[in-house]
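1. sequence and computational prediction follow.
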2 protein chains.
Amino acid sequence: MPQFSDALFTDLYQLTMAQAYFQSGQTGDATFSLYFRGFPSNRAYYVFCGLESAVEYMGGFGFSERDLAALERLGIFDGGFLDYLRSVRFTGSARAMAEGEVFFPAEPALEVSGPIIECQLLETYLVNQISLESMLAAKAARVVDAANGRQVVDFGARRAHGRDAAMKLARASYMAGFDGSSNIAAADAYGIPAVGTMAHSFISSFDDEREAFRSYARSFPDSSTFLVDTYDTVGGVRSAIAVAGEMESDGRRLRAVRLDSGDMDSLSREARRMLDDAGLSHVRILASGGLDEYAIDELARRGAPIDGFGVGTRVGTSADAPYTDFVYKLVEYGGKPMMKLSEGKVSLPMAKQVSRLFDDEGAMRRDVIHAKGMETRLPDSSAPLLGTVIERGSLTAPLPDLESARAFHAGRIAQLPRGLRGVKPSGGYDVRVAAELEGLAAEVSERLRSESGRAYSTAPDSLSRAIRRAE
Amino acid sequence: MPQFSDALFTDLYQLTMAQAYFQSGQTGDATFSLYFRGFPSNRAYYVFCGLESAVEYMGGFGFSERDLAALERLGIFDGGFLDYLRSVRFTGSARAMAEGEVFFPAEPALEVSGPIIECQLLETYLVNQISLESMLAAKAARVVDAANGRQVVDFGARRAHGRDAAMKLARASYMAGFDGSSNIAAADAYGIPAVGTMAHSFISSFDDEREAFRSYARSFPDSSTFLVDTYDTVGGVRSAIAVAGEMESDGRRLRAVRLDSGDMDSLSREARRMLDDAGLSHVRILASGGLDEYAIDELARRGAPIDGFGVGTRVGTSADAPYTDFVYKLVEYGGKPMMKLSEGKVSLPMAKQVSRLFDDEGAMRRDVIHAKGMETRLPDSSAPLLGTVIERGSLTAPLPDLESARAFHAGRIAQLPRGLRGVKPSGGYDVRVAAELEGLAAEVSERLRSESGRAYSTAPDSLSRAIRRAE
């Protein structure tokens, strides 16, 4: 497959619109707002992730000659426009929340400002990456919460949707508090601990389970975890104990056994008892195989003696909520507020800021969405969540590294109202739209509807629905 | 992010097992079988896709110096093993179904044979790509079926899980019968028609909807589709009709209008009536916005006058079934049959073939899974589904191109029993395990259980469950 730059990874309409803008001279400055419209079920907060991908993309944006040749082959773009594309770069600015931040529907996590064509061309990739990474980070945060201090690692590489998703999964889940990933490329690229031991095929290729364990322990005398369910979990634990005994006489210690099928609660209790009885209470018990936050929560609540979990498929695909309604909407053009009024898809106009209010104990109390350029009364203690990351096309400062984002995220989780946490959260969070912005939105909506030449009885309704949703 | 070869996109345990094999001299020939264990809900057939990705990977398999440096940094691999990895290539063979083939649980779609380390190292990437692409092809085939002859195009780039998934989505959905994709990189890479027109932001950036349409029509006089729901769909159709009238006086024709929100059934009827009344019966009506095969089936059944559908999020993430239980299991080692007996995960031993029987009208009647090396009585009319694609590490012949795979797939769908089709299929397909293979599986299972030193009352049950599932 020929390699294209990421600029060509876009929807055709971004480029047809760009040509129409270009040929109409409609090339003023715009602001686009990236946010999500609503929670999937069982989610009461989201975790912002993907800013690193976004700024790398914006900073390096441009079409290669190969890209331009591909566009020319489509036969709908003219030479003048293709010449313009040859030199186009992102020359605008971007404001964003920090990676690891928790955020809520209708809150802009990223706002991009600059010449409208440049901003428009970024949409597909920005939405793709930020919606993927934030969805995975939010899912992983739920798993960490359910594990309640036990170790969790990412085994999702083989079932994530493709290579890019698997890489981003490892990064997003580590940021959300996972302890490592089995994905070596991701571990090295992002500085994440690499984890993993053996598969069933390894065991079955030997004549005997114990011989397989012995062979592995010879190669990894200080870091062996034995997979015990290839034939039968209890028999496997017995084999592990036998080989662990041989290792001890060489001064080595087995690190862990891994259960991968069956009733994890009862098997972990039996394994723990057998290991303890054999004087191997230092050998840890790991569990994997179809686990997600719901299963982990259940095992943790029952007190199953499991020290760590490996999660793959269901977490790596966010199986109970495999997409989120992230959008990237025009909110200002040529200095004028813009909004969309389509049924059920109303957007809030203007470049915005989100300010967070905390209570006296430092817990999150309320967010207010307000227009960046409009005065809004806020308590002194409120903190703005969006900061400038790109100015005139360049990064204003290096982004926090992954460890810092991970620490920042953990701090935010500690500040979350308790009712938002858990696998089936009971509460909602108070997000308000500032009265000034609400008033402006009503005004813009009125103007747009009268300009489009008809009075719509549904208009005030759908607008107020959008604002209620944000509250 | 540093760029690694795809060899490093793997789970750590593939390499720890490889080192243990290497150091134990356990380096004989193996066969691994790739198949899926069971259908997600509402699926009664799957569509094999991803062979092109698989053979590209196998053919180019190898570790770069950069990969080896990353492995060395992990501190658990020794120099001799890393030297071995430096020169490792895939030197074995692969047999596979053709892309576009329909297949069923327990049927191997790909079998890989060769030195065990080489075969083992391929697992993560092969499972990742084939499970993604086959899941997407199966989902897209359902959409094509529901659309019942109407055009369907892929708008999924922004919500697919990352860049790789979006590229594979465009390819898999085209193979399954879609008519195009909005993803330009994919369209050019795979030779798929690129489609797309304008977004709401384009309309809102102009003072007036008609001015936006006019501007677009000036840039694309022969290929304009107007998006009509930015402010209000009926008003938008009225604007489209006005601008289409202006175009007609210049000898140009508007191609289509696109509905993107609201009640598609009633809006499409109203739009059709308005267009027809204005003498614009050649203007087509396209629909998009949260559509999937369920919504399309409903609209098609009601007879909504929609000529084409754009599908994105729900199809691109296979939202109702976002993963499939694809596995890659050791079935032979050193000439001996191998199988896994873990609870609920029993595999069938030996390199296998799947033979398909057809009835007199050419419809698919039954599949038989049999051991490749064992005699099995089959009717003369049966056709083997797996053919050799790689021998001694090299492609035996170029794979069929995407258009051929698409045509082959369409032919297979025409041969599917009617009960397997539709959004909620009513029937199942007859897949049998040959008696000889079933006997061998029982024998191997017996031997493995007695070797692992304990009699298990659950064993025959879980084995027969696996075989029943295949029937």
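-> Thanks, I have the structure now. A quick note: this is a predicted structure, and the numbers were derived from the prediction, not measured.
2. counting by contacts, list what the helix or strand harbouring residue A:329 packs against.
-> Counting by DSSP states H and E, the element that carries residue A:329 is strand A:326-333. If you count contacts as 3 or more Cβ pairs under 8 Å, 6 or more residues apart in numbering or on different chains; DSSP states H and E, strand A:326-333 packs onto strand A:29-36, strand A:110-115, helix A:123-147, helix B:200-205. Every C-beta, even on glycine, is put in place using the N, C-alpha and C of the backbone.
3. flag every buried residue along that strand.
-> Of the residues in strand A:326-333, A:326-333 count as buried by neighbour count, 16 or more other Cβ atoms under 10 Å in any protein chain shown.
4. go on, stretch A:76-94?
-> In stretch A:76-94, counting by 16+ other Cβ under 10 Å, buried: A:76-77, A:81-82, A:84-85, A:88, A:90, A:92-94.
5. now what about that stretch, what contacts it?
-> Outside stretch A:76-94, the residues within contact range by Cβ atoms under 8 Å, 6 or more residues apart in numbering or on different chains are A:15-16, A:18-19, A:22-23, A:29, A:54-55, A:58-59, A:61-63, A:68, A:71-72, A:110-115, A:117-119, A:121-122, A:388-393, B:220, B:223.
6. what are the bridge partners for residue A:11, then?
-> Taking DSSP bridges as the rule, residue A:11 bridges to residue B:183.
7. hmm, back to that, now restrict the contacts of stretch A:76-94 to buried residues only.
-> Among the contacts of stretch A:76-94, those classed as buried by 16+ other Cβ under 10 Å are A:15-16, A:18-19, A:22-23, A:29, A:54-55, A:58, A:61, A:63, A:68, A:71, A:110-115, A:117-119, A:121-122, A:389-390, A:393, B:220, B:223.
8. among those, which lie within helices?
-> A:15-16, A:18-19, A:22-23, A:54-55, A:58, A:68, A:71, A:117-119, A:121 (DSSP state H).
9. near chain B, from the residues you listed?
-> Among these, the ones lying near chain B by Cβ under 8 Å from any Cβ of the partner chain are A:15-16, A:19, A:23, A:71.
10. would JSON lines of the helices and strands packed on strand A:326-333 with mean pLDDT be doable?
-> Shown next, in JSON lines, are the helices and strands packed on strand A:326-333 (pLDDT from 0 to 100):
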{"stretch": "strand A:29-36", "mean pLDDT": "97"}
{"stretch": "strand A:110-115", "mean pLDDT": "98"}
{"stretch": "helix A:123-147", "mean pLDDT": "98"}
{"stretch": "helix B:200-205", "mean pLDDT": "90"}
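11. got JSON lines for these, with distance to residue A:203 too?
-> Shown next, in JSON lines, are those (distance: least, Cβ to Cβ, whole Å):
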{"stretch": "strand A:29-36", "distance to residue A:203": "44"}
{"stretch": "strand A:110-115", "distance to residue A:203": "47"}
{"stretch": "helix A:123-147", "distance to residue A:203": "27"}
{"stretch": "helix B:200-205", "distance to residue A:203": "56"}
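12. out of the ones you listed, which gets nearest to residue B:367?
-> Residue B:367 lies closest to helix A:123-147 among the helices and strands packed on strand A:326-333, at 36.3 Å (Cβ to Cβ).
13. what's the angle between the closest one and strand A:110-115?
-> 170 degrees (axes from the mean of the first three to the mean of the last three Cα atoms, to 10 degrees).
14. tell me how far the helix or strand following helix A:123-147 lies from the chain's centre.
-> Heading C-terminal from helix A:123-147, the first helix or strand you meet, by DSSP H and E, is strand A:151-154. Distance of strand A:151-154 from its chain centroid, counting by Cα atoms, centre = their mean, to the nearest Å, is 16 Å.
15. re the thing from before, between which two of the ones next to chain B among the ones in helices among the buried ones among the contacts of stretch A:76-94 is the distance greatest?
-> A:23 and A:71 (15.2 Å).
16. that older thread, closest one to residue A:425 out of the buried residues of strand A:326-333, please.
-> Distance to residue A:425 across the buried residues of strand A:326-333 (Cβ to Cβ) is lowest for residue A:326, with 20.3 Å.
17. if the closest residue in space to residue A:396 that isn't next to it in sequence is in a bridge, with which residues?
-> Counting by Cβ to Cβ, 6 or more residues apart in numbering or on different chains, residue A:388 is the residue found nearest to residue A:396 once chain neighbours are left out, at 5.5 Å. Beta-bridge partners of residue A:388, counted by DSSP bridges, are residue A:95.
18. for residue A:388, what are its contacts?
-> Residues in contact with residue A:388 (Cβ under 8 Å, 6+ apart) are A:93-95, A:396.
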